[in-house]
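Novice: Test case, fold it:
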Amino acid sequence: MSQITSEWVQLENGPRAWYARPAGVGPHPAVLVFIEAFGVNAHFQDVAQRLARAGYCAMVPDLYHGKTYEYSDFDGAIGHLKTLNDAVVMQEAHMAIQALQQRAEVWKDAIGALGFCMGGRYAFMANAVHADQLRATVAFYGGGIAPDQDSIGRTPVLHLVDQMRAPLLLLYGAEDQSITPEEHGRIATALSTAGKRYTLTVFPGAPHGFFADPRDSFRPEAAQEGWRLTLDHFTRYLGASA
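Specialist: Purely as a prediction, here's the structure:
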């Protein structure tokens with residue numbers, strides 16, 4: 001599927017969001033996309049458009065409310081990340097889910113979540129907080145889910161796993177210096193103990209941020225395989241576009 005449309009939309013009582021959709025009338029399954037720490041930049045607009053070309057309506061809420069950071073401005077991006085409030089982010093995610101459900105072209109019972117880096121943590125959270133509305137979730141190198149000690153000061157979120165219903169796909173790089181194998185183990189133990197459906201995959205040779213093609217951390221083979229696994233996960237649990 002190649003014909004798509006994309007635009008900024010305004011969420012009711014909330015931030016704007018980047019929205020991309022297939023050209024057909026649908027109904028199409030949909031994906032809520034959570035950003036990295038750099039804002040809704042050209043890369044995340046492209047991620048939404050890639051999802052649209054694959055048959056999904058994709059909405060990226062602007063958690064940074066119009067602000068973006070260059071990938072070289074790590075301090076600025078992390079400084080902004082530290083100002084985010086988890087409850088507010090989950091509220092804005094709820095607004096985006098509601099906006100998707102109100103669109104005629106969206107298959108309202110087939111909405112998933114996808115997140116990267118800080119957005120991977122938020123996708124993990126949303127899989128619990130919005131468990132009644134999400135049918136599948138994918139998290140690429142979600143930082144701060146279960147760290148031994150989080151350098152940014154975020155609260156671990158493993159206490160939420162009991163609330164989860166949707167199958168979860170977790171993707172990590174073996175060379176990620178910010179998410180250790182021990183953290184993988186804590187996440188897997190919590191999910192397995194709670195009896196949740198999940199898959200955790202580690203890509204050898206891949207650092208943190210391996211999916212983002214504008215970044216030096218980009219690893220094409222891991223990114224390609226991660227994207228294939230993501231689409232396979234969504235196809236299985238959200239269904240195909242009509």
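Novice: could you point out the longest strand in this structure?
Specialist: strand 106-116 (DSSP state E).
Novice: for the next helix or strand after that one, packing partners?
Specialist: Using DSSP states H and E, the next helix or strand after strand 106-116 towards the C-terminus is helix 118-129. If you count contacts as 3 or more C-beta pairs under 8 Å, 6 or more residues apart in numbering; DSSP states H and E, helix 118-129 packs onto strand 28-34, helix 86-101, strand 106-116, strand 136-140, strand 168-173. In short, each C-beta sits where N, CA and C put it, glycine included.
Novice: just so I know, which of the ones you listed lies nearest residue 152?
Specialist: helix 86-101 (12.2 Å; C-beta to C-beta).
Novice: got the buried residues for that closest one?
Specialist: Buried residues in helix 86-101, counted by 16 or more other C-beta atoms under 10 Å: 89, 92, 93, 94, 95, 96, 97, 99, 100.
Novice: part of a helix, is residue 201?
Specialist: No. Counting by DSSP: H, G, I helix; E, B strand; the rest coil, residue 201 is not found in a helix; it is strand.
Novice: so it touches residue 174, yeah?
Specialist: No. If you go by C-beta atoms under 8 Å, residue 201 and residue 174 don't touch, sitting 10.4 Å apart.
Novice: for the closest residue to residue 217 other than its chain neighbours, what are its contacts?
Specialist: Take residue 217 and drop its neighbours on the chain: the residue closest to it by C-beta to C-beta, 6 or more residues apart in numbering is residue 209, 3.7 Å away. Residues near residue 209 by C-beta atoms under 8 Å, 6 or more residues apart in numbering: 36, 116, 117, 141, 215, 217, 218.
Novice: got the contact list for the one residue sitting closest to the centre of the chain?
Specialist: Per C-alpha atoms, centre = their mean, the C-alpha nearest to the average position across the chain is that of residue 115, at 1.4 Å. By C-beta under 8 Å, 6+ apart, residue 115 lies in contact with 33-35, 121-124, 126, 137-140, 142.
Novice: Could you do residue 225 as well?
Specialist: residue 203.
Novice: Number of residues surrounding residue 178?
Specialist: 17 (other C-beta atoms under 10 Å).
Novice: OK, contacts around it?
Specialist: 143, 151, 208.
Novice: Confirm the first one sits in a strand?
Specialist: When you say that, I think you mean residue 143. No. Read with three-state DSSP, residue 143 is coil and lies in no strand.
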